[in-house]
Every structure is written in structure tokens, then in C-alpha cells.
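**Student:** this one's sequence-less:
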């Protein structure tokens with residue numbers, strides 16, 4: 001079985017230079033998984049934080065209520081634990097503190113019925129960097145159009 005992508009964070013590559021990527025599991029409750037199976041999630045405003053106990057948490061990821069759930073439905077924006085190895089967490093923490101990088105969620109997907117998330121180390125882009133990237137994309141798009149016509 002392969003990957004079934006649920007959602008991508010398109011703003012991540014626009015706002016950050018993405019460098020190193022990690023695959024992490026997510027600790028979820030049942031109604032959250034059911035909402036994810038329906039394709040309902042938003043990771044555009046989410047970020048990853050490492051607490052003083054050395055655990056990685058994803059903050060501000062919105063998983064809407066499961067529509068057929070009952071009073072025991074989950075909280076939409078609660079913080080959720082990321083399941084990473086100790087070495088991976090230590091590496092992320094070192095990069096965040098030493099090189100002033102940010103941990104950005106990029107993709108959330110199902111892998112063999114498990115919910116996984118790809119997080120990347122990102123360095124923030126300045127406005128002129130964003131303009132340069134947009135200009136490169138425009139040139140590539142024009143070249144592709146010229147090739148086909």
C-alpha cells in the first residue's frame with residue numbers, strides 16, 4: 001500500500017526555504033482519524049513546538065468535528081503529539097536553537113492505514129526571496145507553454 005495524501009501545506013514552500021524533512025506519526029483520537037479519512041484538515045497555520053520534556057507537539061492544526069460524532073467529539077485545535085525518535089527530536093531542537101530555523105508541517109497523509117506527517121526544517125524567506133522565486137516560476141511556465149505550441 002502506498003501513501004494517500006490528505007492535505008499539503010502549500011504556503012510552507014512559499015514562506016520558507018525547506019531543507020531537511022522528517023516523517024512523524026501522530027497521536028490522535030478516533031473521531032480525528034474519521035475526520036481525516038473524510039479529507040478534512042487544515043495545516044496551513046500549524047507549527048511544531050518542542051517542550052521542555054523533549055516532546056514534539058503540533059500546534060494550531062485544525063481537524064473539524066466528525067459530523068456523525070456525539071458529545072465525546074474532539075477539540076478542533078488541540079495540540080497533538082508528534083511521534084519521533086529521540087535522535088530526530090534532538091536534531092530538530094539543535095537546528096531550531098543554533099541556526100534559528102522553524103519546524104514546519106508540509107504534508108499529512110495515510111501510510112498503510114497510519115496517519116503520518118512530514119515536517120521540514122525551514123528558514124524564513126524575505127520578501128525579495130519570494131519575488132525571485134515567483135519570477136523563476138513565471139519563466140519556467142512561459143518556457144513550457146512555448147514548448148507545447
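**Tutor:** Received, thanks. On a predicted model such as this, the values are computed, not experimentally measured, just so you know.
**Student:** The helix or strand encompassing residue 90 - what's its average pLDDT?
**Tutor:** Counting by DSSP states H and E, the element that carries residue 90 is helix 86-98. Here helix 86-98 scores 89 as its mean pLDDT.
**Student:** Quick check: what element follows it along the chain?
**Tutor:** Counting by DSSP H and E, what follows helix 86-98 is strand 102-111.
**Student:** Given that next one, what are its sheet partners and their directions?
**Tutor:** strand 3-8 (antiparallel), strand 114-124 (antiparallel) (DSSP bridges).
**Student:** To residue 31, which of those lies closest?
**Tutor:** strand 114-124 (12.9 Å; Cβ to Cβ). Where you see a C-beta, it was placed from the backbone N, CA and C, and this is true even at glycine.
**Student:** just the angle between the closest one and helix 86-98, please?
**Tutor:** Comparing the axes of strand 114-124 and helix 86-98 via axes from the mean of the first three to the mean of the last three Cα atoms, to 10 degrees yields an angle of 20 degrees.
**Student:** can you list the residues that contact strand 114-124?
**Tutor:** With Cβ atoms under 8 Å, 6 or more residues apart in numbering as the contact definition, strand 114-124 has outside contacts at 3, 6, 12, 15-26, 28, 33, 36, 43, 48, 58, 82, 92, 95-96, 99-110.
**Student:** Okay, and residue 144 sits in which element?
**Tutor:** Per DSSP H and E, residue 144 falls inside helix 127-148.
**Student:** need the contact list for residue 109.
**Tutor:** Residue 109 sits next to 3-6, 115-118 when contact means Cβ under 8 Å, 6+ apart.
**Student:** Quick check on these: which are buried?
**Tutor:** Using 16 or more other Cβ atoms under 10 Å as the burial test, the contacts of residue 109 include 6, 115-118 as buried.
**Student:** which one of these is nearest residue 53?
**Tutor:** Closest approach between the buried ones among the contacts of residue 109 and residue 53, by Cβ to Cβ: residue 117, at 19.9 Å.
**Student:** All good on my end, thank you.
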